[in-house]
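Asks: curious how this folds, go ahead:
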Amino acid sequence: MKILVTGGAGFIGNHLVEELSKSENDIVLLDNFSKGRDNLRSVTHLLDRGNVDIMVGSVFDLGLLKKITEDVDVIYHMASKTSHRLSAISPKEYIESCIVGTENILEAARLSGVKLVFSSSSSVYGKNPLPFREDMLPQPTSPYATGKYAAELLCKNYHDVYGMNIAVLRYFNVIGSRMLCRYDTLLYIIVKNMFEEKPMVIHGENTTRDFTDVNDIVDGTILAAKEKKFNTFNLGTGIETKLVDVAKMLKRISGINVPIEVGSLKQLESVRTCADISKARRLLGYEPKRTLEETLKEYVRWYSEDILATGKSK
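Replies: Prediction:
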């Protein structure tokens, strides 16, 4: 099977490529490497895989997409800008990334007649009551979340008009090794401060997240490619955890005793998130396997060995 993964040098994308490359698949990893050295580090371990073809390119280049999708069997569209806060500063970039990039992928997939798996976000739910269900009306509160929801609507439209086979996945608070995104990723910032013996700053005393291990997300994403009709799925754990409790777990795991400071909730951030994953369980056989403590232990180990030991946190 030949597979295209857009955004394959990103956090989730490179984990997806790594897992797909373990089987007899030929994979095209497409990325614009906009994050420079962080993207390059994310694909270093893939360079010796004989079945991974790394291409530098953009989802804005429809001509390129048409060419490389001519003989693929599945497209995983992971490419997107991903920050709520920064989307309020540069809304046009985020809207274009989500909508124009996705429309180009949809058009290329339509012309080649292949399955498309689209990575959306739990952020589309906004201020809906918990747990978030796929049948809830989205209430996006940032340009990023609005762009993701608009892209979901495009996917539904392409299915309705052209009969395309598309799975839309709403990811919940994905964490794990090789997660950098230095300036706007909650866990990375908390862990970096902890190792530098600075206060661990939590924004909102009652702020919660449904933290999901990237490997579970990858498992669910691959399962979704087998879905035979248009559908939308939550991929999370269904477990709500306070950020204050995450900070306490990190202190216990690392043995580093630094203070935890609670500040005000950041602009555009949700107070609470938690997924209802019953639909993905029922239709995909999706089942998250990693506990939050296991994931945090792995992240602390990776940060210690890959970031601290090599001076990459600068």
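Asks: and whichever strand or helix holds Leu283, C-alpha only, in CSV?
Replies: Per DSSP states H and E, Leu283 falls inside helix 278-284. What follows is helix 278-284 as a C-alpha-only set of coordinates in CSV (Å, rounded to 0.1, in the frame of the first residue of the first chain):
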residue,chain,number,x,y,z
SER,A,278,-17.9,5.5,22.8
LYS,A,279,-18.4,6.0,19.1
ALA,A,280,-14.8,5.3,18.2
ARG,A,281,-14.8,2.3,20.5
ARG,A,282,-17.9,0.9,18.9
LEU,A,283,-17.2,1.5,15.3
LEU,A,284,-13.4,1.5,15.1
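Asks: next helix or strand past it?
Replies: helix 292-302.
Asks: any idea how far that next one is from the chain center?
Replies: Mean C-alpha position of helix 292-302 versus that of the full chain (Cα atoms, centre = their mean, to the nearest Å) differs by 18 Å.
Asks: just stretch 266-277 next, same as before
Replies: The mean C-alpha position of stretch 266-277 is separated from the chain mean by 15 Å, Cα atoms, centre = their mean.
Asks: which other residues reach the helix holding Leu283?
Replies: 133-134, 220, 223-224, 226-227, 231, 233-235, 286-287 (Cβ atoms under 8 Å, 6 or more residues apart in numbering). C-betas here are computed from N, CA, C, even on glycine.
Asks: cool, stretch 148-155 as well?
Replies: With Cβ under 8 Å, 6+ apart as the test, stretch 148-155 has contacts from 80, 95, 98-99, 102-103, 106, 116, 118, 120-121, 123-124, 138, 140, 166, 168, 230, 232.
Asks: please enumerate the helices of the stretch 151-300 of the chain.
Replies: Taking DSSP state H, counting those that start in this stretch, the helices of the stretch 151-300 of the chain run over residues 186-195, 214-224, 243-254, 278-284, 292-302.
Asks: which of those has the lowest average pLDDT?
Replies: Mean pLDDT per stretch puts helix 186-195 lowest among the helices of the stretch 151-300 of the chain, at a mean of 92.
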